[in-house]
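A.B. asks: Sequence unavailable; structure follows:
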């Protein structure tokens, strides 16, 4: 049994952060040939499911780089490697010292909450207004954050130089891993996402592969958070827009994400 894992941003999604019509049609062709596929993304459920709605992803899905697993068939969320109170304080303090608003993501009994301090600049305000307020999450002030909450990750956005300082600081922590990159708002702004270091796509992919009884694991990804699943995959493919290290680790480099590179490759690889 083949089992395909797709990263989203920079991989399955185009530059508009959408699944193109051609890619959607390709996924339908995979289903018709009974080729199993799902996603393994660094995104939260909240941000990813808006994109995946209507695309019939039926298998368990990996979010937050393996912290969150969602099984749509039985409507069950599994959470692993959550941040503890000390780790949460470390991340929040690192953000506040630099004048950045931390967004603390909590899942409690299938309900999503985002706790945050007052936004400091227009990009943060736009994030709250455009994305968080239109999601299924309940937005609350950080002062209302309950101790021992189930925190999956903490995210933030800000000027590139400031975010890079926080990224460097948090990656020195033995229990934390921080990923960062340019934001859609422009090169002057970067995003940052932090979760427990023990969580990674590779472990989640391994567990799901055993659960589904797959014999051939095929992974697609473009970023350093995809390397852990590339290491265990039978086949791993990086789009041409991927980071250099990811390309070196891949079985092959294929077309870029904004030209439906993954979909074109799938049609050839599986004779769709």
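C.D. replies: Received, thanks. Computed from a predicted model, the values in this text were never measured in an experiment. Numbers count the residues shown, from 1 in each chain.
A.B. asks: measure the residue most central in space within the chain to residue 78 for me?
C.D. replies: Among the residues of the chain, the one closest to the centroid is residue 42, at 1.5 Å (CA atoms, centre = their mean). Residue 42 sits 17 Å away from residue 78, going by CB to CB, to the nearest Å. (C-beta placed from N, C-alpha, C; glycine too.)
A.B. asks: coming back round to it: who's in contact with the residue nearest to the centre of the chain?
C.D. replies: Contact analysis of residue 42 by CB atoms under 8 Å, 6 or more residues apart in numbering lists 7, 9, 64-65, 179, 193, 223, 225.
A.B. asks: Low-confidence ranges, the stretch 101-250 of the chain, go.
C.D. replies: 186 (pLDDT under 70).
A.B. asks: circling back: look at the residue nearest to the centre of the chain and report its pLDDT.
C.D. replies: At residue 42, the model reports a pLDDT of 95.
A.B. asks: Quick one: neighbours of residue 51, just the number.
C.D. replies: Residue 51 has 18 neighbours, counted by other CB atoms under 10 Å.
A.B. asks: what does residue 255 give?
C.D. replies: 16.
A.B. asks: mind listing what it touches?
C.D. replies: Per CB under 8 Å, 6+ apart, neighbours of residue 255: 239-240, 261-262, 264-265.
A.B. asks: tell me which element the nearest residue to residue 252 once chain neighbours are set aside is part of?
C.D. replies: Leaving aside its chain neighbours, residue 252 sits nearest to residue 237 (5.7 Å; criterion: CB to CB, 6 or more residues apart in numbering). Element membership for residue 237 (DSSP states H and E) is strand 235-239.
A.B. asks: can you put the contacts of residue 42 in JSON lines and add neighbour count and distance to residue 250?
C.D. replies: Formatted as JSON lines, the contacts of residue 42 follow (neighbours: other CB atoms under 10 Å; distance: CB to CB, whole Å):
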{"residue": "7", "neighbour count": "29", "distance to residue 250": "12"}
{"residue": "9", "neighbour count": "20", "distance to residue 250": "17"}
{"residue": "64", "neighbour count": "27", "distance to residue 250": "23"}
{"residue": "65", "neighbour count": "29", "distance to residue 250": "18"}
{"residue": "179", "neighbour count": "18", "distance to residue 250": "19"}
{"residue": "193", "neighbour count": "23", "distance to residue 250": "23"}
{"residue": "223", "neighbour count": "19", "distance to residue 250": "12"}
{"residue": "225", "neighbour count": "22", "distance to residue 250": "14"}
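A.B. asks: ok, so of those, who is nearest residue 124?
C.D. replies: Distances from residue 124 to the contacts of residue 42, taken as CB to CB, are shortest for residue 193 (14.7 Å).
A.B. asks: Many thanks, have a good one.
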